[in-house]
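Student: Next comes the sequence, and after it the predicted model I'd like to discuss.
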Amino acid sequence: MILVTNNEGRPGVGHSAQLLSGGESGLNALEAGIRIVEIDESIRTVGRGGWPNLIGEMQLDASVMDGNTLRTGAVGAIQGFLHPVSIARQVMERLPHELLVGPGAERFGREIGAEQGDNLIEDSKRVWNEWFEGVPEELRKNWKDAPLIDLCRQAIDPEAVRDTTTFLCLDSQNGVHGAVSTAGWGWKYPGRLGDSPVIGAGMYADSRYGACACTGAGEMAIRCGTSRTVVTYMKMGMSVEKAVYEAIEDMRALKGGLLNRITIHAIDNRGQHKVVAVNGTPSNHYWLWEEGDAEPHAVSAEIVPLSDH
Ligand code: ASP
């Protein structure tokens, strides 16, 4: 068994590890851990406490994948719910679909009785208001219809080394599973989906080979199909380490667009793992729990600059 979460998994990783070591199914263990992260206001990039989009709204993304069946469930740009990961799980369990976005996802959330709540905390509101004060007055005067294209280029990641939360595991039944939840990039264009709800970009799991999940600039993972690609490289016989390096090679072909930092987390179905922070900093770390460990521990990610050949 193995459990790998990114840095933001801190509040929930211990609970997931406990459940896994008690023989709980992987998806239950991952969902339970992510729910703790989503509700923790000190985690500023996931769920409650995350950063809003350009117009000050909290739009959240999440996904789950069952590596035994290759069923997935995802929600994108969903507003007003405390646990997007659980709604994503129910998309998988209860619908013949894999991805719901916006008002449709919210309707589904209400239909299944998912917990509703305001995810925009006072501090995020304060930081957004301070930013809004700096928006040119002619735009602020007619804010409802203001053109956002130029402002969107200021889309930022207010916390350079923090991001989405990603959880990957190999469970006691040899199932490889993944789950992801995020508030996405702060100040994003309304309706922008990151890589997290895009299966194959921000996350992919296949119990025959392994799983992968990304954090950071989701646009890069979408363009390269990074998570699916890493799993495919493992299928083709590469080690988990080689598969991640190969996916980084693919990223070197990206020209233009949002090129920034991205961290690739991967495990294989024998319990090996690799985490590389592309364009990362020494503070990039992840959480690791392996069968027999009393508790998860933090490990530094390998850093690879994208410009290196
Ligand atoms: N990957 C996420 C996104 O692009 C954000 C992050 O992990 O920082 O929405």
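Tutor: Yes, it's here.
Student: Please enumerate the helices of the stretch 151-300 of the chain.
Tutor: 218-224, 226-235, 240-251 (DSSP state H, counting those that start in this stretch).
Student: looking at these, which is closest to Ala211?
Tutor: Closest to Ala211 of the helices of the stretch 151-300 of the chain is helix 226-235 (C-beta to C-beta; 6.7 Å). In short, each C-beta sits where N, CA and C put it, glycine included.
Student: now the angle between helix 240-251 and the closest one, please.
Tutor: In terms of direction (axes from the mean of the first three to the mean of the last three C-alpha atoms, to 10 degrees), helix 226-235 departs from helix 240-251 by 130 degrees.
Student: Need the helices of the stretch 151-300 of the chain in JSON lines (columns: mean neighbour count and distance to the ligand).
Tutor: As requested, the helices of the stretch 151-300 of the chain are exported to JSON lines (neighbours: other C-beta atoms under 10 Å; distance: least, C-beta to the nearest ligand atom, whole Å):
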{"stretch": "helix 218-224", "mean neighbour count": "23", "distance to the ligand": "2"}
{"stretch": "helix 226-235", "mean neighbour count": "24", "distance to the ligand": "11"}
{"stretch": "helix 240-251", "mean neighbour count": "20", "distance to the ligand": "14"}
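Student: How about the residues of the stretch 151-300 of the chain by the ligand?
Tutor: Within the stretch 151-300 of the chain, the positions near the ligand by C-beta under 6 Å from any ligand atom are 157, 163-164, 182, 184-185, 194-196, 215-218.
Student: ok so, going back, can you tell which of the helices of the stretch 151-300 of the chain is closest to His15?
Tutor: helix 226-235 (24.0 Å).
Student: Residues contacting that closest one, please?
Tutor: Residues outside helix 226-235 that contact it (C-beta atoms under 8 Å, 6 or more residues apart in numbering): 195, 199-206, 208-214, 220-221, 240, 242-244, 246-247, 250-251, 262, 264, 266, 268.
Student: Relative to the whole chain's centre, how far out is stretch 93-105?
Tutor: How far stretch 93-105 lies from its chain's middle: 18 Å, per C-alpha atoms, centre = their mean, to the nearest Å.
Student: contact partners of it?
Tutor: Here stretch 93-105 makes contact (C-beta under 8 Å, 6+ apart) with 63, 71-78, 87, 91-92, 108, 112, 191, 193, 197, 199.
Student: Just the buried subset of the residues you listed, please.
Tutor: In terms of neighbour count (16 or more other C-beta atoms under 10 Å), the buried residues within those are 63, 72-78, 87, 91-92, 108, 193, 197, 199.
Student: any residue of the helix ranked longest in the chain up close to the ligand?
Tutor: As assigned by DSSP state H, the longest helix anywhere in the chain is helix 26-39. No: judged by C-beta under 6 Å from any ligand atom, helix 26-39 and the ligand are separated, with a smallest distance of 12.6 Å.
Student: let's number from 36 now, not from 1
Tutor: Yep, numbering from 36; the last one is helix 61-74 now.
Student: Please tell me how far Ser207 sits from Glu150.
Tutor: Going from Ser207 to Glu150 by C-beta to C-beta, to the nearest Å gives 29 Å.
Student: Check Leu134 too.
Tutor: For Leu134 relative to Glu150 (C-beta to C-beta), the value is 21 Å.
Student: element containing Met127, please.
Tutor: Per DSSP states H and E, Met127 falls inside helix 119-129.
Student: between that helix and helix 61-74, how many degrees?
Tutor: 150 degrees.
Student: what pairs with the next helix or strand after helix 119-129, and is each one parallel or antiparallel?
Tutor: Next in sequence after helix 119-129, counting helices and strands by DSSP H and E, comes strand 134-136. Using DSSP bridges, strand 134-136 pairs in its sheet with strand 106-113 (parallel).
Student: chain center to the strand it pairs with, what's the gap?
Tutor: Relative to its chain's centre, strand 106-113 lies at 11 Å (C-alpha atoms, centre = their mean).
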